[in-house]
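K.L.:
give me a model of this one.
(one chain, ligands or ions: 1)
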Amino acid sequence: MDCRDCARYDKEAAKCRDGKVNPQRYEHALSVAQVMGLRSICVFNDHRERIVGVRHPERPAGGLPVRPSAAE
Ligand code: SF4
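P.N.:
Numbering: from 1, shown residues only. Prediction:
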């Protein structure tokens, strides 16, 4: 999600009211997660669930059940 479309975005301050970050690229999101922790990344971020899967390979897609066709 683009922050500018989010109700939690403060347009005057040009930042998230919740103090979250929303990296646009996967590499940036992974670096943020490694340095600041996964909780610093917005729950609406496009890469967050993939990073959860990297950190917890036993729980791909953020712990959600994986369809057999998706696991192949
Ligand atoms: S970081 Fe997330 S919650 Fe904050 S403004 Fe952006 S999309 Fe909204």
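K.L.:
okay, helices next: where are they in this protein?
P.N.:
Along the chain, counting by DSSP state H, helices occupy 26-36, 48-55, 68-71.
K.L.:
and the ones you listed as a markdown table, adding mean pLDDT and distance to K20?
P.N.:
Every C-beta, even on glycine, is put in place using the N, C-alpha and C of the backbone. What follows is these, written out as a markdown table (pLDDT from 0 to 100; distance: least, Cβ to Cβ, whole Å):
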| stretch | mean pLDDT | distance to K20 |
| --- | --- | --- |
| helix 26-36 | 94 | 10 |
| helix 48-55 | 84 | 10 |
| helix 68-71 | 57 | 28 |
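K.L.:
ok, and the closest non-adjacent residue to C42?
P.N.:
Excluding the flanking residues, the one nearest C42 by Cβ to Cβ, 6 or more residues apart in numbering is K20, at 4.0 Å.
K.L.:
got it, and I51?
P.N.:
Nearest one to I51, counting by Cβ to Cβ, 6+ apart, is A33 at 5.1 Å.
K.L.:
any idea how far the one you found is from A14?
P.N.:
23 Å (Cβ to Cβ, to the nearest Å).
K.L.:
more crowded one of these two?
P.N.:
A33 (22 against 9; other Cβ atoms under 10 Å).
K.L.:
just checking, the residue nearest to I51 touches S40?
P.N.:
Yes - A33 is within contact range of S40, at 7.5 Å (criterion: Cβ atoms under 8 Å).
K.L.:
near the ligand, which residues of the chain?
P.N.:
Taking Cβ under 6 Å from any ligand atom as the contact definition, the chain meets the ligand at 1, 3, 6, 8-9, 16, 18, 20, 22, 42, 44.
K.L.:
okay, those residues in JSON lines with neighbour count and pLDDT next?
P.N.:
Formatted as JSON lines, those follow (neighbours: other Cβ atoms under 10 Å; pLDDT from 0 to 100):
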{"residue": "M1", "neighbour count": "12", "pLDDT": "89"}
{"residue": "C3", "neighbour count": "19", "pLDDT": "96"}
{"residue": "C6", "neighbour count": "15", "pLDDT": "96"}
{"residue": "R8", "neighbour count": "13", "pLDDT": "97"}
{"residue": "Y9", "neighbour count": "17", "pLDDT": "97"}
{"residue": "C16", "neighbour count": "15", "pLDDT": "97"}
{"residue": "D18", "neighbour count": "11", "pLDDT": "97"}
{"residue": "K20", "neighbour count": "17", "pLDDT": "97"}
{"residue": "N22", "neighbour count": "21", "pLDDT": "97"}
{"residue": "C42", "neighbour count": "19", "pLDDT": "97"}
{"residue": "F44", "neighbour count": "14", "pLDDT": "96"}
